[in-house]
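**Student:** Quick one: sequence plus predicted model below, questions after.
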Amino acid sequence: MNQPLIKVDTVTKHFVRKTDVAERIAIRAGLAEEPKIVHALDEVSLEIAKGEVVGLVGESGCGKSTLGRVVAGMLPVTAGSVARDGQDIATLKGRAAKANRLATQIIFQDPMSSLNPRKKVGEIIGEAPRLHGIVPRGEVPALVEKLMGQVGLDPAMVNRYPHQFSGGQRQRIGIARALAVNPDFLVCDESIAALDVSIQAQVINLLVQLKKDLGLTLLFISHDLSVVRYISDRVVIMYLGRVVESAPTDQIFDRPRHPYTQALLEEIPRIDRRGHRFNTVKGEIPSPVNPPKGCHFHPRCPFAMDICRQERPPLVTAETGHTVACHLNAGTGQLPATTEQQTQQGVTQ
Amino acid sequence: MSETLLEVRNLKTWFETPKGTVKAVDGVDLTLNRGEILGLVGESGSGKSITGFSLLGLVDPPGKVVEGSILFKGEDLRAASNKRLQALRGDRIAMIFQDPMMTLNPVLRIGTQMIETVRAHANVSKAEARAMARDALGMVGIPRPEERIDAYPHEFSGGMRQRVAIAIALLHKPDLIIADEPTTALDVTIQSQILSEVQKLTREMGMGLIWISHDLGVVAELAQNVAVMYAGRIVERGTVDQVLDTPMHPYTRGLIDSLPMENDRGQPLKQIPGNAPPPLGRPEGCPFRPRCGFATDACLSEPSETGDLSRGWRCFHPLAQEVTA
Ligand SMILES: Nc1ncnc2c1ncn2[C@@H]1O[C@H](COP(=O)(O)OP(=O)(O)OP(=O)(O)O)[C@@H](O)[C@H]1O
Ligand SMILES: Nc1ncnc2c1ncn2[C@@H]1O[C@H](COP(=O)(O)OP(=O)(O)O)[C@@H](O)[C@H]1O
Ligand code: SF4
Ligand code: SF4
Ligand SMILES: [Mg+2]
Ligand SMILES: [Mg+2]
C-alpha cells in the first residue's frame, strides 16, 4: 500500500472565537459577552495521496480553511497529528522543517490582499527563491520569467505593480509566487471565488495544466460544487468541524450517502434547472462555539433518530473508497431516494 | 395583461473623475412588470449595482444620472424631488444589499429598527408597528418572531441578518424590490431557503423584483427574465429559456460555456480570453471585440440593439444556435 503524501490523524483545533463588526460594537456597548472557544476542527482524519486532487467542500465556518492551514503546517493543532510522507510535521526541525514549509504552498481567495502593493511583480515572485536560495541569485530573473510564462503572464510586465493587473492576473501572480519555491503540494483556498465567471475558467484550466506538468498534489477548497466536481479526483464534505463524507468524485455526486451531502447537491443552483422550488434543508447552521450533541447535523436532518441526538456517528467505510459518518443503515448512511432501488443490490454485502 | 411597473429608457449614469468620465451605466433600457423577477447579470464593474442605485436616486457624487428616463408606475423619478424619492424609498421601492449590515444598525434591537421604519411611512401606533414587524419576520422564515424581534443583529447569523434585511424591505409591501447580490455571501443551503421565500413572496404579493447577481445558476432557477450587462450596457435580454438556451450574444454564450458541466471532466474548460475592459479604457465599437471570436471589421462601430425589450441583443453577428450541453 502506498504511503499517503498527507495523513491527517484525528486532528482537533480550537480557537478563541473571532468577532465580526456587529459583535465588536455590541461588546463595546455592553450588549454581548466576550467570545468563547470555537471548535473549528473536531477529530478530523483525512489522507491525500501523491498526485491526487482532493476537493474540500462545506459551508462557511465549517473548518475548511483551518484544515487547509493545519495541513500546510501554518497552524499548530490542539490535538492529533499531521504527517507528510509518514513523518509527523510537528516533530520536524531545522532544515527539514523549512523544506516541509516550502513544499506546501497555499493560494488564497483574495489575490490583492496577499500581494504587497508596493512591490513589483518581479520582486513578489522572485522574493522567496532569492531568500531561500532556490536558485543562484543571478538566475532569479530568468526563473521569474519562466514562472510568469508558466502561469500565462507576459514577462514584459515584470516591472508592474499588483494594482496594475486585473483580478485574474493577480491570481496568476499568486500562483507563480507559490510555484517559485518548487512545492509539490498546493492548498487552493477558494482561489477562484473572487473572480468573475469568465475569468474562473481561465484559472481552473491553468491549475489543471500545472498539476499535470509539475505532478502537483492539490487540496482544492471551494464552496462551488460544479468546479469541485470538474477538478477533483475525490471529494471530502465537512460539516461544522467534522468530515461527514468522502468518496471518489463520480461516486459522491451519483450516490451521496450523507443526508447533508444529499441536500447540498440538491440545492446547488444550476443553469439547466428553471423555476426550481428551493428549500429542502431547514434551519440554521449551528454555531461551532456550542455544536449540538451527537451528529452535528441532527437539528436539520429529516431522518434524525434518537441515537443521532446522543452519539457521534463514526466515519465508516460504506463501500470501497467511500466513507460516511451517519447512523442510518448501520452507519453506512443511505442512498438518495431516486437511485436507492436501482443500486441497492450492488451495495449490500 | 400584466401591469408595467418600471420603464427605464436610455439611462446613463456617469462618474466625472480626475482621469476621465467613467460611463458606469451607458444607455440602459429596462421594463419590469408586476410579479416579474428579472435577473440582472454581468461581471464585476459592468454596472449592475450603479443601475440599481440610479433607479432609487442613490448615486453618490461624483456619480450622476446624466441622461434617460425612469418611470415608476408612470411617475418620472428623474424629475422627482429628494423628498418624494425619500418617501418612495422603503415604502413603494426597497433595496436589499449584499451586506445586510448596510441596512441594520448594530446597536439597536431588530424590533426597534423595524418599528422606526414602519412609522416613517405609515401613521400607525407603536403596537401596530410592532405587530407588522413581527409578521414580516415570520414571513421571511425567522423562527419564533415574537421572541427574536427583541434580539440585536449580532445575535443573528449572516443568513438570519439577511432575512431581517429582507423583512425590512418587505414591511410596506413595496411594489418594487431591487436586490443587489443579497445571497452571494451566504451558504448554499441558506441561500436556497431565502430564494424560496423570495419566490413565494413575489408570487403572493405581486411585486416586481430585480435580482442582481453574477450567478447564472441562481438566475436560471429564480427569474423569468434575464438581462446581461457588459461594460455599462445590456448586451442581451430575454426570457431565461431564450437567453440561456439560445444565447445570441457571444459574451452570453461564452459565460454559459465556461461553466464546468458534468461531462467536462478531463478536458479543458472553454474560456473567454482576456479581461473585461477597464472603465476608462473601453475599446471603440463593440466593447466585447477584443475578447470575441466572431469579431469582424463591422464590430469597429457600435452595435445597436436588435429586437425589442422582451428579446434583444447588441451584436453584429448574433449566434442563433442552440447551446448543446
Ligand atoms: N484565528 C482564529 N481565531 C478565532 N477563530 C477562528 C480563527 N480562524 C478560524 N476561526 C473560527 O473557526 C471556525 C472555522 O473557520 P474556517 O476559517 O476554517 O472556516 P471555513 O470553512 O474556511 O469557512 P469559509 O467558507 O467562510 O472560508 C469558524 O467558526 C471561524 O470563525
Ligand atoms: N464612486 C465611483 N467613482 C468612479 N467610478 C465608479 C464609482 N462607483 C462605481 N464606479 C464604476 O462604475 C462601474 C460600474 O460599477 P458597479 O455598478 O458597481 O458594477 P457591478 O455592480 O456590475 O459590479 C465600474 O467601472 C466602477 O468602477
Ligand atoms: S446521523 Fe442521524 S442526524 Fe446525522 S445525518 Fe445521519 S440520520 Fe441525520
Ligand atoms: S458585435 Fe462583433 S465583437 Fe461584438 S460581440 Fe458581436 S461579433 Fe463580437
Ligand atoms: Mg475559508
Ligand atoms: Mg455590484
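**Tutor:** Everything's here; your move. Numbering: from 1, shown residues only, chains lettered A, B, ... in the order given. Ligands and ions are numbered 1, 2, ... in the order given.

**Student:** drop to CA atoms for contacts and neighbour counts, all remaining ones
**Tutor:** Noted.

**Student:** ok so A:Gly68 is a helix residue?
**Tutor:** Yes: assessed by DSSP: H, G, I helix; E, B strand; the rest coil, A:Gly68 belongs to a helix.

**Student:** How about the contacts made by residue 229?
**Tutor:** Unless you meant another one, I'm taking chain A. With contact set as Cα atoms under 8 Å, 6 or more residues apart in numbering or on different chains, A:Arg229 has these partners: A:55, A:235, A:249-250, A:253, B:262, B:265.

**Student:** Oops, wrong one, chain B.
**Tutor:** B:40-43, B:46-48, B:235-236.

**Student:** Buried subset of these, written for PyMOL?
**Tutor:** A single PyMOL command selects the buried members of the contacts of B:Met229 (16 or more other Cα atoms under 10 Å in any protein chain shown):
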select buried, chain B and resi 40+41+42+43+46+47+48+235+236
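
**Student:** Just the contacts of B:Met229: which are in helices?
**Tutor:** Of the contacts of B:Met229, the ones assigned to helices by DSSP state H are B:Lys48.

**Student:** Can you lay out the contacts of B:Met229 as JSON lines showing distance to chain A?
**Tutor:** JSON lines is the format used below for these (distance: Cα to the nearest Cα, whole Å):
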{"residue": "B:Leu40", "distance to chain A": "14"}
{"residue": "B:Val41", "distance to chain A": "11"}
{"residue": "B:Gly42", "distance to chain A": "9"}
{"residue": "B:Glu43", "distance to chain A": "6"}
{"residue": "B:Ser46", "distance to chain A": "11"}
{"residue": "B:Gly47", "distance to chain A": "14"}
{"residue": "B:Lys48", "distance to chain A": "14"}
{"residue": "B:Val235", "distance to chain A": "15"}
{"residue": "B:Glu236", "distance to chain A": "16"}
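
**Student:** okay, the contacts of B:Met229 in a markdown table with distance to A:Thr12 and pLDDT next?
**Tutor:** A markdown table is the format used below for these (distance: Cα to Cα, whole Å; pLDDT from 0 to 100):
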| residue | distance to A:Thr12 | pLDDT |
| --- | --- | --- |
| B:Leu40 | 43 | 97 |
| B:Val41 | 41 | 95 |
| B:Gly42 | 41 | 91 |
| B:Glu43 | 39 | 86 |
| B:Ser46 | 44 | 91 |
| B:Gly47 | 45 | 93 |
| B:Lys48 | 43 | 93 |
| B:Val235 | 51 | 97 |
| B:Glu236 | 51 | 98 |
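
**Student:** Which member of the contacts of B:Met229 is positioned nearest B:Ala227?
**Tutor:** Nearest to B:Ala227 among these is B:Leu40, at 5.0 Å by Cα to Cα.

**Student:** wouldn't that closest one be in contact with B:Ala223 here?
**Tutor:** No: judged on Cα atoms under 8 Å, B:Leu40 makes no contact with B:Ala223 at a distance of 9.5 Å.

**Student:** Against ligand 3, how distant is the residue nearest the centre of chain B?
**Tutor:** Central residue of chain B (Cα atoms, centre = their mean): B:Ile212, 2.6 Å from the mean position. According to Cα to the nearest ligand atom, to the nearest Å, B:Ile212 stands 34 Å off from ligand 3.

**Student:** Name the helix or strand for that residue, please.
**Tutor:** strand B:208-213 (DSSP states H and E).

**Student:** quick check, that strand touching chain A?
**Tutor:** No: on the criterion Cα under 8 Å from any Cα of the partner chain, strand B:208-213 is out of touch with chain A, staying 11.2 Å away.

**Student:** Show me the beta-bridge partners of the residue nearest to the centre of chain B.
**Tutor:** B:Leu40, B:Asp180 (DSSP bridges).

**Student:** Whether stretch B:246-253 contacts chain A - can you check?
**Tutor:** No: using Cα under 8 Å from any Cα, stretch B:246-253 never reaches chain A; the gap is at least 9.0 Å.

**Student:** still on that earlier bit, turn the contacts of B:Met229 into JSON lines, including distance to A:Gly138.
**Tutor:** Listed next are those as JSON lines, based on distance: Cα to Cα, whole Å:
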{"residue": "B:Leu40", "distance to A:Gly138": "52"}
{"residue": "B:Val41", "distance to A:Gly138": "48"}
{"residue": "B:Gly42", "distance to A:Gly138": "45"}
{"residue": "B:Glu43", "distance to A:Gly138": "42"}
{"residue": "B:Ser46", "distance to A:Gly138": "44"}
{"residue": "B:Gly47", "distance to A:Gly138": "47"}
{"residue": "B:Lys48", "distance to A:Gly138": "48"}
{"residue": "B:Val235", "distance to A:Gly138": "50"}
{"residue": "B:Glu236", "distance to A:Gly138": "53"}
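
**Student:** A:Val235 - nearest residue in space that isn't next to it in sequence?
**Tutor:** Of all residues not flanking A:Val235 in the chain, A:Gly55 sits nearest, at 4.6 Å (Cα to Cα, 6 or more residues apart in numbering or on different chains).

**Student:** So the one you found sits against A:Tyr230, correct?
**Tutor:** No: judged on Cα under 8 Å, A:Gly55 makes no contact with A:Tyr230 at a distance of 9.7 Å.

**Student:** more crowded one of those two?
**Tutor:** A:Gly55 (27 against 23; other Cα atoms under 10 Å in any protein chain shown).

**Student:** ok, now which ones touch that one?
**Tutor:** A:Gly55 neighbours (Cα under 8 Å, 6+ apart): A:219-222, A:228-229, A:231-236.

**Student:** So A:Lys7 versus A:Cys188, what's the distance?
**Tutor:** 18 Å (Cα to Cα, to the nearest Å).

**Student:** do B:Ile149 as well
**Tutor:** 40 Å.

**Student:** any low-confidence regions in chain A?
**Tutor:** The model of chain A has pLDDT under 70 over residues A:1, A:17-18, A:34-35, A:111, A:276-280, A:337-349.

**Student:** Could you pull out the strands in it for me?
**Tutor:** Remark: strands assigned in chain A by DSSP state E are A:6-16, A:37-48, A:53-57, A:79-84, A:87-88, A:104-107, A:185-189, A:217-221, A:234-239, A:242-248, A:316-319, A:322-324.

**Student:** Turn those into TSV, including distance to B:Asn10.
**Tutor:** Shown next, in TSV, are these (distance: least, Cα to Cα, whole Å):
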stretch	distance to B:Asn10
strand A:6-16	53
strand A:37-48	51
strand A:53-57	43
strand A:79-84	60
strand A:87-88	65
strand A:104-107	43
strand A:185-189	42
strand A:217-221	43
strand A:234-239	48
strand A:242-248	52
strand A:316-319	60
strand A:322-324	56
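
**Student:** Need these in TSV (columns: distance to ligand 4).
**Tutor:** Listed next are the strands of chain A as TSV, based on distance: least, Cα to the nearest ligand atom, whole Å:
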stretch	distance to ligand 4
strand A:6-16	47
strand A:37-48	44
strand A:53-57	35
strand A:79-84	50
strand A:87-88	55
strand A:104-107	34
strand A:185-189	33
strand A:217-221	34
strand A:234-239	38
strand A:242-248	40
strand A:316-319	50
strand A:322-324	46
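
**Student:** Quick check: which of those is nearest to ligand 2?
**Tutor:** Evaluated over those, closeness to ligand 2 peaks at strand A:185-189, with 22.9 Å, by Cα to the nearest ligand atom.

**Student:** List of residues touching the closest one?
**Tutor:** A:65, A:68, A:72, A:103-109, A:216-222.
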